[in-house]
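A.B. asks: Generate a structure from the sequence data that follows.
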Amino acid sequence: MSFKGRQPVTRSARYFRAPMAMLVLAAALLGRPVCAEVYRWVDEQGNVHFSDSAAAPAGKKYEPPAANVIRSDIESSAAYFREQREAREAQQAQKAAAEQAAAQRQAACEQARQRKTFLEQHPAHRLRLPTDDGPVQMTPDQWDKRMNDTRAVIEQACG
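C.D. replies: Below is the predicted model:
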């Protein structure tokens, strides 16, 4: 007898094959998830029962809650993030409104300063006011009133 390329099978190896094959088969069968339906029903005495078949006509399929999901935590987290987003949006809107108001004040300040410069360069006898009867020369009192109004606007708008 020649054993070219083959090794002899020992007695202990032969007895080891069958249990190993059964172990692999059992692991394959038991490793699959078990999907059984569970029914919840109440008997005549009011006792609650759980079984794999609907024992009574009123038996309803029991749906266990999802594992590792706590709905109240999810809802509270969502509410927290919603509040944070709303607060951030309100703050951005308030900042934009403040920037717009500052820009309007700056424009009013610049316009009032230009008006003051114009009034300083043009005395009352050189200015004319439009009326229904035609242009009329500005009086020194009118010029003083316009200059005081312009200074008040500068004081208010320019700070």
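A.B. asks: State the distance from residue 126 to residue 17.
C.D. replies: Note on residue 126: its distance to residue 17, by CB to CB, to the nearest Å, is 121 Å. C-beta coordinates here come from the backbone N, C-alpha and C atoms, glycine included.
A.B. asks: For stretch 115-127, buried residues please.
C.D. replies: Residues of stretch 115-127 classed as buried: 115, 116, 119, 124, 127 (neighbour count, 16 or more other CB atoms under 10 Å).
A.B. asks: average pLDDT for it?
C.D. replies: For stretch 115-127, mean pLDDT is 87.
A.B. asks: what sits up against it?
C.D. replies: 137, 138, 139, 140, 142, 143, 146, 147, 150, 151, 153, 154 (CB atoms under 8 Å, 6 or more residues apart in numbering).
A.B. asks: quick one, phi psi at the fourth one?
C.D. replies: Spelled out, that is residue 140. phi -60, psi -30 (degrees, to the nearest 10).
A.B. asks: what about it, how many residues close to it?
C.D. replies: Other residues near residue 140 come to 10 when the count uses other CB atoms under 10 Å.
A.B. asks: cool, and the last one?
C.D. replies: Using other CB under 10 Å as the criterion, residue 154 is surrounded by 18 other residues.
A.B. asks: Okay, and it sits in which element?
C.D. replies: Using DSSP states H and E, residue 154 maps to helix 140-158.
A.B. asks: what angle do whichever helix in the chain runs longest and helix 140-158 make?
C.D. replies: Secondary structure of the chain per DSSP state H: the longest helix is helix 71-121. Counting by axes from the mean of the first three to the mean of the last three CA atoms, to 10 degrees, helix 71-121 lies at 150 degrees to helix 140-158.
A.B. asks: so how far is helix 71-121 off the chain centroid?
C.D. replies: Using CA atoms, centre = their mean, to the nearest Å, the mean C-alpha position of helix 71-121 is found 21 Å from that of the whole chain.
A.B. asks: swap in stretch 128-142?
C.D. replies: 61 Å.
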